[in-house]
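>>> A structural model of the following input is requested.
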Amino acid sequence: MDELRPPRHFSRREFVQLGVAAGLFVSMEQFAGGSTATGDIPYRELGSTGEKVSIIGVGGYHLGNAKDDNEAVNIIHKALDSGINFLDNSWDYHDGLSENRAGKALKGGYRNKAFLMTKLDSHSAEGATKQLEQSLQRLGTDHVDLIQFHEVIRPDDPEKIFAKGGSWEGMMAAKKAGKVRYIGFTGHKSPKIHLHMLDVAKQHGFHFDTVQMPINVLDAHYESFGHQVVPRAVEEKIGVLGMKPIAAGLAIKTQKLSAPECLRFALSMPTSVVITGCESMHDVEQALTVARTFKPMSKDEIATLMQRTNEVAAKGEFEQYKTTHIHDSTMNNPQWLA
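As a prediction, this is how the structure comes out:
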């Protein structure tokens with residue numbers, strides 16, 4: 001990974017100009033509207049797939065933090081019954097607990113209401129296939145709508161995934177077998193690695209359907225995915241999945257931002273869906289309220305947020321998923337990549 005350059009402080013006017021140049025405000029009218037589902041939740045197009053997904057999605061990791069299975073099931077049912085259709089998950093979340101809880105919630109016809117996504121870690125076709133099969137069993141379904149290569153956070157992860165016998169081969173076979181419909185990747189470490197993954201995919205003649213990355217107010221100040229990756233994804237019609245809209249909860253600890261404000265900012269970016277963690281009914285109600293009342297932030301509103309957070313966000317202190325290994329599950333469990 002290239003050595004990081006010292007952060008620069010911008011004026012309010014420069015932030016507006018920077019945002020326009022980076023594509024953060026590009027054609028927001030096409031992202032702000034869309035059809036509505038039950039509960040008047042806006043939907044957006046998922047890249048070039050032709051699918052429409054709710055602008056807010058339920059994060060899978062936090063389902064494992066819910067007080068018990070019933071609470072997790074109630075969160076998912078509340079979301080799906082209210083018009084949220086995008087469900088996030090991963091093979092490794094809480095050793096399978098998050099997927100098991102989602103599987104319980106998707107019984108009784110709820111699977112038909114969900115655009116279901118999960119992720120896998122293995123870099124080998126054999127390992128990825130086994131992880132997918134385990135995920136399908138836990139989720140109680142014969143297919144997922146979207147599978148994503150999880151934690152593309154090391155500079156050579158793209159080469160390993162696309163190598164002969166790599167996980168990409170396994171997922172292409174799974175797609176042919178009808179077990180996955182669309183393919184994407186995730187990461188939270190460096191926008192350069194995301195761009196490299198897109199380059200390697202292009203070298204193999206492959207177009208990702210989605211790409212997942214941190215999208216939040218703090219991101220704009222340090223190693224920004226919003227500035228570096230989002231414009232390319234929009235240009236190539238890849239669905240942008242925003243995650244960590246509250247910076248894994250640390251945006252609130254800056255004492256500069258509120259949770260609804262963070263969600264509204266992320267929704268104002270060119271995202272197909274913003275995935276937020278819901279581990280209580282309060283969390284899902286908050287997400288529903290923000291989605292139902294959503295109006296895109298103006299350039300001036302965004303510039304004001306940028307100026308307000310300029311100092312606290314300049315060094316990535318509150319984006320620990322970029323600057324530490326705290327959120328790097330595969331770093332602590334290298335056997336998952338085998």
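>>> C-alpha only now, for contacts and for neighbours.
Will do.
>>> can you list the weak-confidence ranges in this protein?
1-39 (pLDDT under 70).
>>> could you say what helices and strands the helix or strand hosting residue 146 packs with?
Here residue 146 sits within strand 144-149, counting by DSSP states H and E. With contacts taken as 3 or more CA pairs under 8 Å, 6 or more residues apart in numbering; DSSP states H and E, strand 144-149 sits against strand 115-120, strand 180-186.
>>> out of those strands, deepest packed?
Stretch with highest mean neighbour count among these: strand 115-120 (a mean of 23; mean count of other CA atoms under 10 Å).
>>> Okay, angle between that one and strand 180-186 too, please.
Calculated by axes from the mean of the first three to the mean of the last three CA atoms, to 10 degrees, strand 115-120 forms an angle of 60 degrees with strand 180-186.
>>> what's strand 115-120 packed up against?
Packed against strand 115-120 by the contact rule (3+ CA pairs under 8 Å, 6+ apart) you find strand 86-87, helix 125-139, strand 144-149.
>>> so what's residue 297 up against?
Shown in contact with residue 297 (CA atoms under 8 Å, 6 or more residues apart in numbering): 264, 265, 268.
>>> could you dump the helices and strands packed on strand 115-120 to a markdown table with distance to residue 53 and mean neighbour count?
As requested, these are arranged in a markdown table below (distance: least, CA to CA, whole Å; neighbours: other CA atoms under 10 Å):
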| stretch | distance to residue 53 | mean neighbour count |
| --- | --- | --- |
| strand 86-87 | 6 | 24 |
| helix 125-139 | 19 | 20 |
| strand 144-149 | 11 | 24 |
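>>> Out of those, which gets nearest to residue 250?
strand 86-87 (22.8 Å; CA to CA).
>>> got a list of contacts for the very next helix or strand once past the closest one?
Next along the chain after strand 86-87, taking DSSP H and E as the criterion, comes helix 97-105. By CA under 8 Å, 6+ apart, the surrounding residues in contact with helix 97-105 are 60-64, 69, 72-74, 76-77, 89-91, 93, 135, 138-141.
>>> Can you dump the C-alpha atoms of helix 97-105 in PDB for me?
Provided in PDB are the C-alpha atoms of helix 97-105 (Å, rounded to 0.1, in the frame of the first residue of the first chain):
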ATOM      1  CA  LEU A  97     -25.000 -16.800  14.500                       C
ATOM      2  CA  SER A  98     -26.000 -13.800  12.300                       C
ATOM      3  CA  GLU A  99     -26.900 -16.000   9.400                       C
ATOM      4  CA  ASN A 100     -28.700 -18.500  11.600                       C
ATOM      5  CA  ARG A 101     -30.800 -15.700  13.000                       C
ATOM      6  CA  ALA A 102     -31.500 -14.300   9.500                       C
ATOM      7  CA  GLY A 103     -32.500 -17.800   8.400                       C
ATOM      8  CA  LYS A 104     -35.100 -18.100  11.200                       C
ATOM      9  CA  ALA A 105     -36.500 -14.700  10.200                       C
END
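>>> thinking again about what came up before, tell me which of the helices and strands packed on strand 115-120 lies nearest to residue 174.
Residue 174 lies closest, by CA to CA, to one member of the helices and strands packed on strand 115-120: helix 125-139, at 7.6 Å.
>>> What is that closest one packed up against?
When contacts are defined as 3+ CA pairs under 8 Å, 6+ apart, helix 125-139 sits against helix 97-105, strand 115-120, helix 167-176.
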